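K.L.:
below is the sequence, then the predicted model.
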Amino acid sequence: SLNIDFFFKESRNIQTLKSSNFFLNSEIIRQNFDALNYGITMVDILDKVLQDTHEEPIIFKLTSRVLEFLGKQNTDNTLLFHFFLIQFSIYTGFMPTLKSCNICDVKLSGAIFDEHSGELKCKSCISNQGLHISSKTIKLLQLLVNTNIESLNNINYNPKQLAETGLFLQQYLRFHLENM
């Protein structure tokens, strides 16, 4: 966690920082380029999307937990980052609909991301234009929504699913969140 000491004056919008300390051992992250890259990307997303004056304790806890797990042995940093992105989308109020088509409500067994509406649609409701998402990737996304961070290592997936998940989350968040 982070401890911040500052000088507070009610008449100012910007306060003066006295000191700050990180209580998370970031040595593991600094020694692992992938972990460092994902950690910096997470902080950059928070900086771009969240407003400076609002407290977001749930997002702070999510970020702290993900940073804690980054770079640990037996942890796939890419899967962990995707977990962060989907949980972040939920906590900011933009949870993707992963169970059924946004138009006809049929259960998704594969889908296409509609870049005009920002939603997943079945292949019957949209032409072939857009990012194709396999049924296995949809299941992986559903697991990332419902799985606790400590259970991520129990998820079975392949590199294609992970790549599709990353592309979907990138396009989804760019559509729904300002400044992404």
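P.N.:
Here it is on my side, so go on.

K.L.:
separation between Phe81 and Ser135?
P.N.:
Distance of Phe81 to Ser135, given as C-beta to C-beta, to the nearest Å: 23 Å. Every C-beta, even on glycine, is put in place using the N, C-alpha and C of the backbone.

K.L.:
between these two, who's got more neighbours?
P.N.:
Ranked by neighbour count (other C-beta atoms under 10 Å), Phe81 and Ser135 place Phe81 first, with 22 against 12.

K.L.:
the closest residue to that one other than its chain neighbours: neighbouring residues, count only.
P.N.:
Excluding its sequence neighbours, the residue lying closest to Phe81 (C-beta to C-beta, 6 or more residues apart in numbering) is Tyr38, at 4.5 Å. Other residues near Tyr38 number 22, with proximity taken as other C-beta under 10 Å.

K.L.:
distance of Tyr38 from Leu80?
P.N.:
From Tyr38 to Leu80 the distance is 7 Å (C-beta to C-beta).

K.L.:
shared neighbours, the two?
P.N.:
Counting by C-beta atoms under 8 Å, 6 or more residues apart in numbering, the common neighbours of Tyr38 and Leu80 are Leu70.

K.L.:
sorry, back to before: residues touching the residue nearest to Phe81, list them.
P.N.:
So Tyr38 contacts 70, 77-78, 80-81 (C-beta under 8 Å, 6+ apart).

K.L.:
using PDB, write out every CA atom in the helix or strand where it lies.
P.N.:
According to DSSP states H and E, Tyr38 maps onto helix 33-49. What follows is helix 33-49 as a C-alpha-only set of coordinates in PDB (Å, rounded to 0.1, in the frame of the first residue of the first chain):
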ATOM      1  CA  PHE A  33      10.400  -6.400 -17.400                       C
ATOM      2  CA  ASP A  34       6.900  -7.800 -18.200                       C
ATOM      3  CA  ALA A  35       5.800  -7.100 -14.600                       C
ATOM      4  CA  LEU A  36       7.300  -3.600 -14.700                       C
ATOM      5  CA  ASN A  37       5.600  -2.800 -18.100                       C
ATOM      6  CA  TYR A  38       2.200  -4.000 -16.900                       C
ATOM      7  CA  GLY A  39       2.500  -2.100 -13.600                       C
ATOM      8  CA  ILE A  40       3.400   1.100 -15.400                       C
ATOM      9  CA  THR A  41       0.500   0.500 -17.800                       C
ATOM     10  CA  MET A  42      -1.900   0.000 -15.000                       C
ATOM     11  CA  VAL A  43      -0.800   3.300 -13.300                       C
ATOM     12  CA  ASP A  44      -1.100   5.100 -16.600                       C
ATOM     13  CA  ILE A  45      -4.600   3.800 -17.100                       C
ATOM     14  CA  LEU A  46      -5.600   5.000 -13.600                       C
ATOM     15  CA  ASP A  47      -4.000   8.400 -14.300                       C
ATOM     16  CA  LYS A  48      -5.900   8.800 -17.600                       C
ATOM     17  CA  VAL A  49      -9.300   7.500 -16.600                       C
END
